[in-house]
Structure formats: C-alpha cells, structure tokens
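Undergrad: here's a sequence, model it:
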Amino acid sequence: RVAAASPIRSIARQAAVGNALQVVSGLDPRPTGAAQNLRKALGAEGFFDTVNYYGAFAPGQNAWTSGWTLMGAMGVLGTSSATSETIVIDSDIVVSTTWTANNTYVLGGIVYVTDGATLTIEPGTVIRGMADADTPGANTPGTLIVSRGAKLIANGTPALPIVFTDMEDDNVPGGAKADPRYNNNANNNISERWGGLVLLGRTYLANNTVGGPALVELQIEGVPGSDATYGGTDDNDDSGELSYLSIRYGGSVLAPTKEINGLTMGGVGRGTTVHHIEVVNNVDDAFEWFGGTVNAKHLVAWNCGDDGLDSDMGFRGKVQFALVVKGACKVGATNESGFSNRAMEIDGGEEGALSQPYALSQWRNLTLIGMAGTGNVANDQGILIRDNARPQIYHSIVMDMGGYGASVSGAESIAGWTTAWNAAPVAGAPAGMYTGQAQGFQTEIADCLFWNITGAVDQGSIGILTDAGKQNRVAAASPIRSIARQAAV
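TA: Presented below is the predicted three-dimensional model:
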C-alpha cells in the first residue's frame, strides 16, 4: 500500500556542495508508531528474525546503527536514544513482539498473545490496564491473556521490575512517586481498576476424569473464544518466563460475578519459569492455579480480596518462599470480594473429587499472616485442603488468623494423611505425571509453626498438633521479627 504520511520519524535534506542534489543531513529511520498490522504472515525460519514492523528498525528502540557507524558519529542519524511513547494496545498480538522500557503500554481491552507468538517485555517496562468503563463493550477491562502455544518472556530485575498496574499509579520505574494514594500508603483501598494477567497452557486437568487422565479443554473463567482455552496432555508445556513482576490494583470482572485473579495460571506446564512475582490489592485471589505442573518461587500476595494462594483441578507443582499478608482492598469489602478469606485454598478434582490427575503438590517455606482477629474474623482462615487435594506443606508459619489455622476436609484428602507417598500414586498413570512430591505422606502438614490463632489450630482434628511424626507446634511468641497494624480506611 501507499502510506498516507511518511512512515519514518524524520528526515532532513540540504543542498549538496557543487551540484543541485539534496542530500540527507538528518535522519531518524524508525517507524512513526507501533506495529502497523502486517498483512502477510511469514513462517519462522532459522536465519530471519520474526518481527511485526515495516522497514529495518523497530519502533521506540535504539536503532542498531547507534554507537558504531560514522553516520551516527557525525550526527546524521538521530537515533542514539529511544523516544518515549504511550502506546495503546487494543488488538491481539499475533506475531512476536517486544515491549520496551522507554514506552508505556496501555491494555485497551482484553488482549491476547496468540498461538505461535512471543511477547517479550524489557526490564522496567510499565503496562497499564484500562478500567472496564473506558473500554469498548461490557466486562472488557484491560487484561493480558497469553494463549496456549504463545509465550510471555517478562524478566524484570530487582532494580527494574516489570509493573502491571492501573492508569494512575506513579510509584513505578521512572514515575514521579508523588501521588499520596500510591506512595507510602499500604491501605489505600485501590483495587478493581483493570483486569489481570492470565497464562494458559496444555497440561492435564482433573475435571470429570475419574476414570483416568484424559484430554480436557476448558474456557478460562469469564472469557469466550478459542484463544481463552486451556488444558491438554503436555505436562512439560512452556508458556515462557516471568520474574520480578509487580501486579497491582486489578481484579475487575470479566463476566458477572467472576472477578479475575492477579496472576491466573490455567494448565501451565513445568517448562514455564515463574519466580519473584507480587500481587497487590487484587479484588479476587492473588495467585490461582487451574491444574498445571508449573513450579514457582518467591511469591508475594498483599491485601488481596479473596485467597492468597489458590489451586484447583489437580495442580501438581512445587512452590517455595511465599508471603501472604491478608487485609482489605476496597471500601465496602465483603468476604471473598475485597476482604481476604483464606491464605491458602487447595482443592482437588472437579466434577468428581477423584478426577485425575490427583492434586499432589508440595509447598515449602510459606509465611501466612492473617488479620489478627480484626474485621473479617470468622472467615480469616489459614489453610483449607479439600476435595481430594493432597498437598505437602513444610517449614511454614501460619499466624494471626481470626478463624482456624488449618483444615483438612473430605474423606479423600483425609485419606492422604495416612497414605505414604510413592512415585505412582494412581494405578495406570502415565510415567512422570507425579513429580511434585518425593517423600512423606500424600497429604501432610509437617514441621510448621502456628501462632495467635483465634479459632482451632486443627479444624477437624486430623492430628496437625497431636501426630508426633508431623512435629508441628504452637510458637510461644511471634515467630517473625515485627508486625505493625493500623486502622483500615
């Protein structure tokens, strides 16, 4: 096609010495905007890079001519530093794309990274989600969904985290850090400003599969269409790499009564890397696993409005080093919708508790902090295990719960308390299906500390404190260095 305007940022010409030519005296050859909807998809090939822009240069990035060419040294190429833009993303990402830290990216609705595409996000990049009221249609808040077969490569650093947040937060890399609502205010009651981040993969799911593991494909809650499908038969599936991400102020609904989690993982496989992720003031769960085998370390759930760590449908991964601090994240909060409920909620199969694969997971070194008998007292609960979930929880702290410390309910989960772990816990399971556990009993809470639990430490009296082999105990004093509380707004 013929462009309606110059497709590059700038070009200047001047008269040549000794003739009538006009020679280029200044040039910024980068495209004028974001990707321009390439019409012909080219297959992946070993030599060529797959990109989504016209011409030789990417929008917004330092040009590859910077720093080594004479044209650059003479000041002709004006591309030595990247310009800064706010780029609204309101269409799906269908070819591999990089979001750069000099730009701010705004999710203008539900945006998919589709099968075969990889979205790479540079350290220090800020991604903002529009509120539902500002997007076309109903229940379409700014949300990023990474479909099956797609990948998200989002590796921040401690100094330059990648931040997913609302439209006004200035406590971000490069931000002014001046708005009192977002700075030095841990109880700002800001939430439900946008959707969240969703990863979808191809692992087995325990849903209506009592007869044995099988291909199950489901829609993620509240989102229609094939790009929102998860599940399959590949427990080693790879959805990308996530590290040093801060996900803030989300949880808007994608369908009536279905609020979105901070980080949702549907059928995500163990080929995916997840570590150093925080979710703050999300109105639903902070982290939720729907099946899957992905392992995760260093997770933070702060003031989220339902559960801190929630797993369903046969999650079989490993989690180590997680901090859950419960609270309230909106004015007028109710239980499970702005008021924290459980620090951990671990469910097994759906459409039959004995659906396979069984939820044999392992969790180590968790610090779970409740609301100390204030506010949502009876529902301020520690750990709930039910519906044939059989997790192993070790070396963890459960404290300041207004309700119970831990509850193991349902005959199937209780049976795991006295069932020794083995590599093939279910007859006929494919080899390698159960790698989350390697010792002990299938359902186990062991070598954990409980402190300041208003309700029962052991709801249901399964033996958390009385089973000598578990070595759990009630601490004589607070097991952490310090904690301070203030009245909620």
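Undergrad: strands along the stretch 301-450 of the chain, start to end?
TA: With DSSP state E, counting those that start in this stretch as the criterion, the stretch 301-450 of the chain has strands at 309-312, 318-325, 334-335, 338-339, 342-346, 362-369, 381-385, 392-394, 397-399, 406-408, 444-446, 449-451.
Undergrad: distance from the fourth one to the middle of the chain?
TA: Here strand 338-339 shows a centroid-to-chain-centroid distance of 19 Å under the convention Cα atoms, centre = their mean, to the nearest Å.
Undergrad: do stretch 96-109 as well
TA: Once both centres are worked out by Cα atoms, centre = their mean, stretch 96-109 turns out to sit 17 Å from its chain's centre.
Undergrad: quick check: end-to-end length of that stretch?
TA: 19 Å (Cα to Cα, to the nearest Å).
Undergrad: repeat that for stretch 292-307.
TA: 18 Å.
Undergrad: now it: average pLDDT?
TA: Averaging pLDDT along stretch 292-307 yields 96.
Undergrad: adding distance to residue 427, write the strands of the stretch 301-450 of the chain out as JSON lines.
TA: Where you see a C-beta, it was placed from the backbone N, CA and C, and this is true even at glycine. Below are the strands of the stretch 301-450 of the chain laid out as JSON lines (distance: least, Cβ to Cβ, whole Å):
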{"stretch": "strand 309-312", "distance to residue 427": "24"}
{"stretch": "strand 318-325", "distance to residue 427": "24"}
{"stretch": "strand 334-335", "distance to residue 427": "40"}
{"stretch": "strand 338-339", "distance to residue 427": "43"}
{"stretch": "strand 342-346", "distance to residue 427": "23"}
{"stretch": "strand 362-369", "distance to residue 427": "22"}
{"stretch": "strand 381-385", "distance to residue 427": "23"}
{"stretch": "strand 392-394", "distance to residue 427": "21"}
{"stretch": "strand 397-399", "distance to residue 427": "34"}
{"stretch": "strand 406-408", "distance to residue 427": "24"}
{"stretch": "strand 444-446", "distance to residue 427": "22"}
{"stretch": "strand 449-451", "distance to residue 427": "36"}
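Undergrad: lowest average pLDDT across those?
TA: Note on these: strand 334-335 shows the lowest mean pLDDT, a mean of 74.
Undergrad: out of the strands of the stretch 301-450 of the chain, flag the one nearest residue 55.
TA: When those are ranked by proximity to residue 55, the top entry is strand 318-325, at 44.8 Å, counting by Cβ to Cβ.
Undergrad: list the contacts for residue 426?
TA: 356-358, 434 (Cβ atoms under 8 Å, 6 or more residues apart in numbering).
Undergrad: hang on, the earlier thing: which of the strands of the stretch 301-450 of the chain sits closest to residue 217?
TA: Closest among the strands of the stretch 301-450 of the chain, once you apply Cβ to Cβ, is strand 309-312, at 15.7 Å.
Undergrad: what residues sit buried inside the closest one?
TA: By neighbour count with 16 or more other Cβ atoms under 10 Å, strand 309-312 contains the buried residues 309-312.
Undergrad: same check on stretch 244-262?
TA: Within stretch 244-262, the residues scored as buried using 16+ other Cβ under 10 Å are 244-254, 259-262.
Undergrad: closest one of those to residue 424?
TA: Among the buried residues of stretch 244-262, and counting by Cβ to Cβ, the member closest to residue 424 is residue 261, at 32.3 Å.
Undergrad: between the buried residues of strand 309-312, which is closest to residue 452?
TA: Nearest member of these to residue 452, counting by Cβ to Cβ, is residue 309, at 20.1 Å.
Undergrad: tell me the spacing between that closest one and residue 135.
TA: Residue 309 is 29 Å from residue 135, where distance means Cβ to Cβ, to the nearest Å.
Undergrad: one more: residue 429?
TA: From residue 429 to residue 135 the distance is 44 Å (Cβ to Cβ).
Undergrad: and what of residue 151?
TA: Residue 151 sits 25 Å away from residue 135, going by Cβ to Cβ.
Undergrad: with residue 479 instead?
TA: For residue 479, the distance to residue 135 - Cβ to Cβ - is 45 Å.
Undergrad: look at the two and report which has more neighbours.
TA: For residue 479 versus residue 135, the count of surrounding residues by other Cβ atoms under 10 Å is larger for residue 135: 22 against 14.
Undergrad: surely that one is in contact with residue 108?
TA: Yes: between residue 135 and residue 108 there is a contact at 6.1 Å, judged by Cβ atoms under 8 Å.
Undergrad: find residues that contact each of the two.
TA: Common neighbours of residue 135 and residue 108 (Cβ under 8 Å, 6+ apart) are residue 142.
Undergrad: got a list of what residue 269 touches?
TA: Going by Cβ under 8 Å, 6+ apart, residue 269 touches 201-203, 234-239, 292-294.
Undergrad: which one of those is nearest to residue 270?
TA: Scanning these for proximity to residue 270, where the rule is Cβ to Cβ, the winner is residue 293, at 4.2 Å.
Undergrad: any idea how far the closest residue to the closest one other than its chain neighbours is from residue 449?
TA: Leaving aside its chain neighbours, residue 293 sits nearest to residue 270 (4.2 Å; criterion: Cβ to Cβ, 6 or more residues apart in numbering). To residue 449, residue 270 is 30 Å away according to Cβ to Cβ.
Undergrad: could you check which of the two has the larger neighbour count?
TA: residue 270 (22 against 17).
Undergrad: surely the more buried one forms part of a strand?
TA: No: Residue 270: not assigned to a strand; according to DSSP: H, G, I helix; E, B strand; the rest coil it is coil.
Undergrad: now the strands for the stretch 101-250 of the chain?
TA: So, for the stretch 101-250 of the chain - with DSSP E, counting those that start in this stretch - the strands run 104-107, 110-113, 118-121, 126-129, 143-146, 151-155, 162-165, 197-200, 218-219, 229-230, 240-248.
Undergrad: give the buried residues for the fifth one.
TA: For strand 143-146, the buried set under the neighbour-count rule, 16+ other Cβ under 10 Å, comprises 143-146.
Undergrad: can you name every helix or strand that that strand contacts?
TA: Judged by 3 or more Cβ pairs under 8 Å, 6 or more residues apart in numbering; DSSP states H and E, strand 143-146 is in contact with strand 110-113, strand 126-129, strand 197-200.
Undergrad: can I get those strands in TSV including mean pLDDT, distance to residue 404 and mean neighbour count?
TA: Shown next, in TSV, are the helices and strands packed on strand 143-146 (pLDDT from 0 to 100; distance: least, Cβ to Cβ, whole Å; neighbours: other Cβ atoms under 10 Å):
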stretch	mean pLDDT	distance to residue 404	mean neighbour count
strand 110-113	96	37	25
strand 126-129	98	35	26
strand 197-200	98	31	28
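Undergrad: list the buried ones in stretch 321-330?
TA: Using 16+ other Cβ under 10 Å as the test for burial, stretch 321-330 gives 322-330.
Undergrad: pull out the buried members of the contacts of residue 269.
TA: So, by 16+ other Cβ under 10 Å, the buried ones in the contacts of residue 269 are 201-203, 234-235, 237-239, 292-294.
Undergrad: nearest to residue 122 among those residues?
TA: Of these, the one sitting nearest to residue 122 (Cβ to Cβ) turns out to be residue 239, at 18.8 Å.
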